[in-house]
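*Asks:* Okay, predicted coordinates and the sequence, questions at the end:
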Amino acid sequence: MDWIKYQEIAKRFQHKAKREDREDLRQTIILRLAEVEAKYNGNGKSLTEWGMLRVASYTVLGYWREQYRKPTMLSLNTEIEDGDGDTVELWQTIADDRAIDLEAWLDANIWLYRAPARLVTIAHKKVNGLPLTDGDKMYLSRFRKNGQKRLF
């Protein structure tokens, strides 16, 4: 058995795996080449370089077949690392739809603080479902039109 030749062949094919699995694939190819060589030597034949390349390519094919058969769904109980270096379960990172968006709330409060008083009263009327007067509608329309950004 020519272990150096096996290593050279495996080195040619290891880049075809995911980065974290390259060393494992390389070792798998070397072992598979040794197995096939032993089988051929038992029958009185020898494995050529082309045969070694074929064995290595089939080993890579088997690697990817295994990768595609692995389940891709994550469990919500899977532990992941948050930005602070702590581990949390995945379900704890799901956003709560009922939670208050503090940034938007602060922006709204700042906007209401800076907005004209008449516009604030119009906003209160709209929130409470009260009808707007014609003057209120005109003022709101004018304010919206002035707030639009021109495209050209």
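*Replies:* Sure, I can see it.

*Asks:* Could you pull up the contacting residues of Gln14?
*Replies:* 22-23, 25-26, 29 (CB atoms under 8 Å, 6 or more residues apart in numbering). Just so you know, the C-beta spots here come from the backbone N, C-alpha and C atoms, and that holds for glycine as well.

*Asks:* Let's see that with 7 Å instead.
*Replies:* 22, 25-26 (CB atoms under 7 Å, 6 or more residues apart in numbering).

*Asks:* Ok, Ile30 next?
*Replies:* If you count contacts by CB under 7 Å, 6+ apart, then Ile30 has 6-7, 10 around it.

*Asks:* and if you look at Ala95?
*Replies:* Counted by CB under 7 Å, 6+ apart, Ala95 has zero contacts.

*Asks:* one step back: check the contacts of Gln14 against Thr87 and report the nearest one.
*Replies:* Arg22 (26.5 Å; CB to CB).

*Asks:* How much space separates that closest one from Glu66?
*Replies:* 15 Å (CB to CB, to the nearest Å).

*Asks:* Please compare the two by neighbour count and tell me which comes out ahead.
*Replies:* Set side by side, Arg22 and Glu66 show more neighbours around Arg22, with 16 against 10, by other CB atoms under 10 Å.

*Asks:* quick check, the more buried one in a helix?
*Replies:* Yes - using DSSP: H, G, I helix; E, B strand; the rest coil, the assignment for Arg22 is a helix.

*Asks:* before we move on, back to that, in JSON lines: the contacts of Gln14, plus pLDDT and distance to Leu112.
*Replies:* Below are the contacts of Gln14 laid out as JSON lines (pLDDT from 0 to 100; distance: CB to CB, whole Å):
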{"residue": "Arg22", "pLDDT": "93", "distance to Leu112": "58"}
{"residue": "Leu25", "pLDDT": "95", "distance to Leu112": "61"}
{"residue": "Arg26", "pLDDT": "95", "distance to Leu112": "64"}
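
*Asks:* Tell me the one among the residues you listed nearest to Val88.
*Replies:* The shortest approach to Val88 among those belongs to Arg22, at 30.0 Å (CB to CB).

*Asks:* and the closest residue in space to that closest one that isn't next to it in sequence, helix, strand or coil?
*Replies:* Leaving aside its sequence neighbours, Arg22 sits nearest to Gln14 (CB to CB, 6 or more residues apart in numbering; 4.6 Å). At Gln14 the chain is in helix, as set by three-state DSSP.

*Asks:* If anything else comes up later, I'll come back, but that's it for now.
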